[in-house]
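Novice: Return a 3D structure for these sequence lines:
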Amino acid sequence: MTDKFRDECGIFGIFGSADAVTHTVTGLYALQHRGQESCGVAVSDGRRIASVRRMGGVPHLREADEVKALAGTLAIGHVRYSTVGDSSLINAQPLTLDLRRGPLALCHNGQLGNVDALAAELDVVLATGSDSEIVLHLCDRSTQPAAGDALAEILLRLSGAFSLALLTESSLIAARDPHGFRPLCLGRLGDATIVCSETCALDAVGGQYVGEVEPGDVVVIDASGMRTIHTSTDAPRAHCVFEHVYFARPDSDVFGENVGTVRLRSGRILAREAPAAADLIVPIPDSGMWLALGYHEASGIPLGMGLVRNAYMGRTFIRPSNCRRDGDVRLKLNPVRGVLAGKRVVLLDDSIVRGTTMRETIAAVRAGGASEVHVRIGSPPVVAPCFYGIDTPTRAELIAGQRPSLEDLRRTIGADSLAYLSLDGLREAVGERRASYCTACYTGRYLVAPGAARGGVDHTTSFDALVAGTHGAGAASATS
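Specialist: Numbers count the residues shown, from 1 in each chain. Next up is the predicted model:
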């Protein structure tokens, strides 16, 4: 739809259910927004692990005869958008390897920064292009006999962001990096235990939320019950604030806050920080809907559905090809002329990353008859790349990183005025845990050193000058 960060991945795992495969596929449907490149499921019947992976969305997986033949009471599943490794079946997850300690299957949400160094240390050649594979090799080399203890032993050797679900023949293991970049929650479904990226997946299978896998914890679920191994207690928290801005579904709770509520607050704060003289608020569907509702409540400006989204198109920004992405935009949004004609419009969205589709959307709103288009964005300008599981490999792709002047940004996208939610405003919106969030994409200040990412990424540039005094809540407006 709009130009945004490409998402990472979604994880679902269940232990102790006769319908483990069915529930896993259902949970992946609820997490489909987190990745559409590939998907897969691995299941154990207590003696062996079998897996099926497919390119594309979860419907391709559900209809596969191989999936219908799978049986077992514990399973893990994954939806993927690649941040490391090509978009190909060999890199689809769950990754399953037969190792010296036996078969292991792994699902990973995040991005590791020290894979090459670890591979050289172990003297292994990775069979895939995925950074996740190194986790399996490290577990295999561990001196700990049990897989859960092995994962706990190697956890602090991993640099970067990772929420993991590991499947052995007889156990489900979940782990989260010490900083807690990516969400991972626990739930129950009758006597079964579930781990998943977002609570919406629990809702989809009729489960109940129990709590989060805490940062630095390894949770082992097997026939004897559930036990937690604590590996780190003093690492600073760095929850990805973009989960609330865009990635997570509004009906999910992540990092202890409801996503829809955070976006509603963001819209209210944005109306306070950056009011607009306008006749109509128009959200860019679906990502601008909750923001627009909050902006409407705080401003009193009527809310109108001036853009219609083609429900049969996926998220534009997670398409691998730029050419294909641009074509998708024209198919995905269409203006409603009867709503827009003659109106001064406030156009609401959560973020601008590359800016290409925002320009096209503004042009479409004008073509629908709007007399003015005032853009309001429910997060600060994105000026720095992410190295923790989001595909923003270079600053050159970020329109705000290349154009530090708000006026330059406004002219580039063709708006009559442009304003962003301030960083303080976003922190206010996320609630009590505001000090626990990673905001590096807005500030260029990385709490955790990114490390040398595979493929080579320049992360050494200081972005302080770009954010000092140039991107506040105040709007840039056209002078003519």
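Novice: got a pLDDT number for the closest residue in space to V125 that isn't next to it in sequence?
Specialist: Distance criterion Cβ to Cβ, 6 or more residues apart in numbering; nearest residue to V125, sequence neighbours excluded, is A119 at 7.4 Å. Where you see a C-beta, it was placed from the backbone N, CA and C, and this is true even at glycine. Predicted confidence (pLDDT) at A119: the value is 95.
Novice: Can you name every helix or strand that the helix or strand harbouring I14 contacts?
Specialist: Secondary structure from DSSP states H and E places I14 in strand 9-15. With contacts taken as 3 or more Cβ pairs under 8 Å, 6 or more residues apart in numbering; DSSP states H and E, strand 9-15 sits against helix 20-30, strand 74-80, strand 102-112, strand 160-167, strand 172-176, strand 192-196.
Novice: Buried residues, whichever helix or strand comes after the last one. List them.
Specialist: This means strand 192-196. Sequence order places helix 199-205 as the next helix or strand after strand 192-196, per DSSP H and E. Of all the residues in helix 199-205, those buried under the rule 16 or more other Cβ atoms under 10 Å are 199-205.
Novice: Residues contacting helix 199-205, please?
Specialist: 10, 12, 23, 26-31, 185, 187, 189, 194, 196, 208-209, 249, 251-254 (Cβ atoms under 8 Å, 6 or more residues apart in numbering).
Novice: before we move on, the earlier item: out of the buried residues of helix 199-205, who's nearest I76?
Specialist: A201 (12.3 Å; Cβ to Cβ).
Novice: Where does the residue nearest to V125 sit: helix, strand or coil?
Specialist: helix (DSSP: H, G, I helix; E, B strand; the rest coil).
Novice: how far away is it from E133?
Specialist: Look at A119 and E133: by Cβ to Cβ, to the nearest Å, they are 9 Å apart.
Novice: Tell me how far L151 lies from I76.
Specialist: 14 Å.
Novice: so what sits against both of the two?
Specialist: L166.
Novice: And these two? Which one has more around it.
Specialist: I76 (34 against 27; other Cβ atoms under 10 Å).
Novice: Run through the residues that contact the more buried one.
Specialist: 11-14, 24, 41-42, 94, 105, 107, 165-167, 172.
Novice: and the nearest residue to it once chain neighbours are set aside, how many residues sit next to it?
Specialist: Among residues not flanking I76 along the chain, G13 sits closest, at 4.1 Å (Cβ to Cβ, 6+ apart). Applying other Cβ under 10 Å, we find 31 residues neighbouring G13.
Novice: Quick one: low-confidence residue ranges for the protein.
Specialist: 1-8, 82-87, 313-330, 391-393, 448-474, 478-480 (pLDDT under 70).
Novice: Where is the longest helix in it?
Specialist: helix 259-273 (DSSP state H).
Novice: How far does the very next helix or strand once past that one sit from its chain's centre?
Specialist: Downstream of helix 259-273, the first helix or strand assigned by DSSP H and E is strand 280-283. Offset of strand 280-283 from its chain centre (Cα atoms, centre = their mean, to the nearest Å): 26 Å.
Novice: What is the subsequent helix or strand relative to strand 280-283?
Specialist: Next along from strand 280-283, by DSSP H and E: helix 289-299.
Novice: so what secondary structure elements neighbour the helix or strand following that following helix?
Specialist: Later in the chain than helix 289-299, the nearest helix or strand by DSSP H and E is strand 307-309. Applying 3+ Cβ pairs under 8 Å, 6+ apart, one finds that strand 307-309 contacts strand 333-335, helix 356-367.
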